[in-house]
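> Following is a predicted model, sequence given first.
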There are 2 protein chains.
Amino acid sequence: MTERDYETAVNTDEVAANEAPATAKAQTVPVVAVVLAAGFGTRFDPDNPKQLVSVGGKPIVCWSIEAFERCARVSDIVVVVNSKVREEVESLIDQQGYGKVRVVIDGGAERVDSTAAALDMLAAAGIPGNAKILIHDAVRPFVAQQAIDGSIDALDQFKAATVAYASTDTVLLTRDLGDLKVVKSVPDRPNTFRAQTPQSFRFATIRQAYDLASADPDFHPTDDTRVVVDYLPDVPVAIVSGAETNMKITTLEDIPTAERIAEQLEGFDPKEAARARMHALLAQAAGQMR
Amino acid sequence: MTERDYETAVNTDEVAANEAPATAKAQTVPVVAVVLAAGFGTRFDPDNPKQLVSVGGKPIVCWSIEAFERCARVSDIVVVVNSKVREEVESLIDQQGYGKVRVVIDGGAERVDSTAAALDMLAAAGIPGNAKILIHDAVRPFVAQQAIDGSIDALDQFKAATVAYASTDTVLLTRDLGDLKVVKSVPDRPNTFRAQTPQSFRFATIRQAYDLASADPDFHPTDDTRVVVDYLPDVPVAIVSGAETNMKITTLEDIPTAERIAEQLEGFDPKEAARARMHALLAQAAGQMR
């Protein structure tokens, strides 16, 4: 990609800042949301990838994209998909007219490969090193505006931040003893958090961390924060307050909870939700009649 | 308490073993479930302590007691309460005719004080050091029989065990940086578990750990496993498989999820549940009319 392509692919001007409420600081760097929708949950219905399942009458991936569409400070959105769902995701984006989605790219086999693909694309597009990159799992459809705002703010003070939710359960760290797990240590509960997304970085920081990590073939991080923590240990990663509602939809059992959360949120479409529920019931009934 | 009181308070004979299925090993030590129902959730309705809230038509504390009543290998149950709910819990136990509940004792200000009270009572009752003690939070009403069986089995090989559930979220360990939290490390996800209960111990082991811990006034563990891990570091604590359904009911927002789980379980009473739901709706309507 040339610099010129980048101008069309990722917005560097201050339009977003102008759209922001008067109280917001003038924003001079791009704020790019990377929505990762490439995972194929093995614990989910293989015929209906979880990103495309509807909750509250709307596909999960749409909830996630809309969260960043709605935040005036986000200038651009990059969506990372599995090639199997590309067509459907692209048609959803067109239908809904999401104005900030600049590009839909193919992800990789693992989460880390999808992030790497997005970073490569942004680098090729010539994005500045101080750009703010918010990496979000599409299967966390109910991310709050406060979490997005908090992430963008945190990057004024820190080069990396992650939304996380204080653990209400005591966390146990284990080690293997033969083929069993035994407890290695029990950290203080106030210092244990469950990582959520977005995980946010100045572009140069996450790029450097990924460059260092790519030299290590054994490294398969389950989140991007860890890449920074492990490869740039001197860079503190700030915690931004998450919420129980910023849940990750992993299995079909998560859907009823997700439906309940959706009902409480802006963007919930009761008509569509009723139609989807009816649809699900009919499908269930048809299955039982077979 | 004299030895004789103990005979009435805690059952040491093999009745429980005789009741067990033929496949179970003969059981020659008491297996005592300690059900901790003394906490007053500050995040809960103060007029209606969470242990007494009904889910699936049954008070939470009854679900927990019944889980151990139902397991033939459990010989005795000790219930630890807050004095404010003692009367109600005792009357529930009488009404339901729980045959293994030997004694209802007062707990303390913190969880650790309630466990200590139970251990003191058992020591005074002369319980043998090799007795198996299963300490369970009453607000985890849906503990599975496999988790209870697994705990009892684990104590044949280990002196301590805890039910725990593999974390689906990446866990972050944090440290304070000024008045903020930043990430200190990101442990490998396969080695991160969310502690559940029961947490199980040979009596002499948990007693020794508590004796050592009681000398340290700054020690306020949020679970019993930690007392062993920190004060008897050479004693491995085994992980027994938990389940998502073995949830802790902490806030009112947990109730709908709990209701959904309850519906799937043995012991669910649809009539009582419908009555309780009607009750809740009427109370809500009355509140709105005020």
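Received it, and whenever you're ready, just let me know what you need.
> which residues of the stretch 1-150 of chain A score low on pLDDT?
Counting by pLDDT under 70, the stretch 1-150 of chain A contains low-confidence residues at A:1-27, A:40-47.
> Which parts of it are helices?
Applying DSSP state H, counting those that start in this stretch to the stretch 1-150 of chain A gives helices spanning A:3-9, A:15-19, A:60-70, A:83-96, A:111-124, A:145-157.
> Burial-wise, tell me which of those helices comes out on top.
helix A:60-70 (a mean of 23; mean count of other C-beta atoms under 10 Å in any protein chain shown). C-betas here are computed from N, CA, C, even on glycine.
> Can you name the residues of the stretch 51-200 of chain A that neighbour chain B?
Residues of the stretch 51-200 of chain A lying near chain B by C-beta under 8 Å from any C-beta of the partner chain: A:158, A:162, A:164, A:167-175, A:177, A:180-187, A:189, A:191-196.
> Just the buried subset of these, please.
The neighbour count (16 or more other C-beta atoms under 10 Å in any protein chain shown) marks A:158, A:162, A:164, A:167-174, A:181-184, A:186-187, A:189, A:191-196 as buried among those.
> Can you tell me which residue is spatially central in chain A?
Taking C-alpha atoms, centre = their mean, the centroid of chain A lies closest to A:His136, which sits 1.4 Å from it.
> Redo the helices of the stretch 1-150 of chain A as CSV? Include distance to A:Thr205.
Shown next, in CSV, are the helices of the stretch 1-150 of chain A (distance: least, C-beta to C-beta, whole Å):
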stretch, distance to A:Thr205
helix A:3-9, 20
helix A:15-19, 21
helix A:60-70, 20
helix A:83-96, 28
helix A:111-124, 11
helix A:145-157, 9
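> can you pull the contacts of A:Ser214?
Contact analysis of A:Ser214 by C-beta atoms under 8 Å, 6 or more residues apart in numbering or on different chains lists A:Ala116.
> ok, which stretches of the stretch 101-250 of chain A are strands?
Counting by DSSP state E, counting those that start in this stretch, the stretch 101-250 of chain A has strands at residues A:101-106, A:132-137, A:160-166, A:171-177, A:180-185, A:192-202, A:237-241.
> and the nearest residue to A:Asp169 once chain neighbours are set aside, what are its bridge partners?
Of all residues not flanking A:Asp169 in the chain, B:Arg194 sits nearest, at 4.0 Å (C-beta to C-beta, 6 or more residues apart in numbering or on different chains). Residues in a beta bridge with B:Arg194, per DSSP bridges, are A:Val171, B:Tyr165.
> Settle this for me: B:Arg194 is touching B:Thr168, isn't it.
No - counting by C-beta atoms under 8 Å, B:Arg194 does not reach B:Thr168; the two are 9.2 Å apart.
> Now do the shared contacts for the two.
In contact with both B:Arg194 and B:Thr168: no residue, using C-beta under 8 Å, 6+ apart.
> what residues are up against the closest residue to A:Ala204 other than its chain neighbours?
Spatial nearest neighbour of A:Ala204, excluding adjacent residues (C-beta to C-beta, 6+ apart): A:Gly129 at 3.3 Å. Applying C-beta under 8 Å, 6+ apart to A:Gly129 gives the contacts A:Arg202, A:Phe203, A:Ala204, A:Arg207.
> Pull up the gap between the third one and chain B, please.
Remark: distance between A:Ala204 and chain B (C-beta to the nearest C-beta, to the nearest Å) = 19 Å.
> Is there a neighbour count for that residue? I'd like the number.
By other C-beta atoms under 10 Å in any protein chain shown, the residues close to A:Ala204 number 15.
> was I right about it contacting A:Ile133?
No - in terms of C-beta under 8 Å, A:Ala204 does not count as a neighbour of A:Ile133; the distance is 9.9 Å.
> Using JSON lines, please lay out the strands of the stretch 101-250 of chain A together with distance to A:Asn48.
Shown next, in JSON lines, are the strands of the stretch 101-250 of chain A (distance: least, C-beta to C-beta, whole Å):
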{"stretch": "strand A:101-106", "distance to A:Asn48": "20"}
{"stretch": "strand A:132-137", "distance to A:Asn48": "18"}
{"stretch": "strand A:160-166", "distance to A:Asn48": "27"}
{"stretch": "strand A:171-177", "distance to A:Asn48": "33"}
{"stretch": "strand A:180-185", "distance to A:Asn48": "33"}
{"stretch": "strand A:192-202", "distance to A:Asn48": "22"}
{"stretch": "strand A:237-241", "distance to A:Asn48": "32"}
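> which one of those strands lies closest to A:Cys71?
strand A:132-137 (9.2 Å; C-beta to C-beta).
> ok, and the closest non-adjacent residue to A:Gln96?
Once flanking residues are discounted, A:Gln96 sits nearest to A:Cys62: 6.2 Å by C-beta to C-beta, 6+ apart.
> doesn't A:Asp94 make contact with that neighbour?
No - the pair A:Cys62 / A:Asp94 is not scored as a contact, 11.9 Å apart, by C-beta under 8 Å.
> OK, contacts around the closest residue in space to A:Trp63 that isn't next to it in sequence?
Using C-beta to C-beta, 6+ apart and skipping residues adjacent in sequence, the residue nearest A:Trp63 is A:Pro141, 3.3 Å away. Counting by C-beta under 8 Å, 6+ apart, A:Pro141 touches A:Val55, A:Ile60, A:Val61, A:Trp63, A:Ser64, A:Ala67, A:Ile249, A:Ala258, A:Ala262.
> again, 7 Å this time
A:Val55, A:Ile60, A:Trp63, A:Ser64, A:Ile249 (C-beta atoms under 7 Å, 6 or more residues apart in numbering or on different chains).
> of all these, which comes closest to chain B?
A:Ile249 (10.9 Å; C-beta to the nearest C-beta).
> From chain B, how far out is the residue nearest to the closest one when sequence neighbours are not counted?
Spatial nearest neighbour of A:Ile249, chain neighbours left out: A:Val139 (4.7 Å); criterion: C-beta to C-beta, 6+ apart. Distance of A:Val139 to chain B, computed by C-beta to the nearest C-beta: 11 Å.
> from what I can see A:Val139 touches A:Pro49, true?
No - A:Val139 sits out of contact with A:Pro49 when judged by C-beta atoms under 7 Å, with a separation of 9.8 Å.
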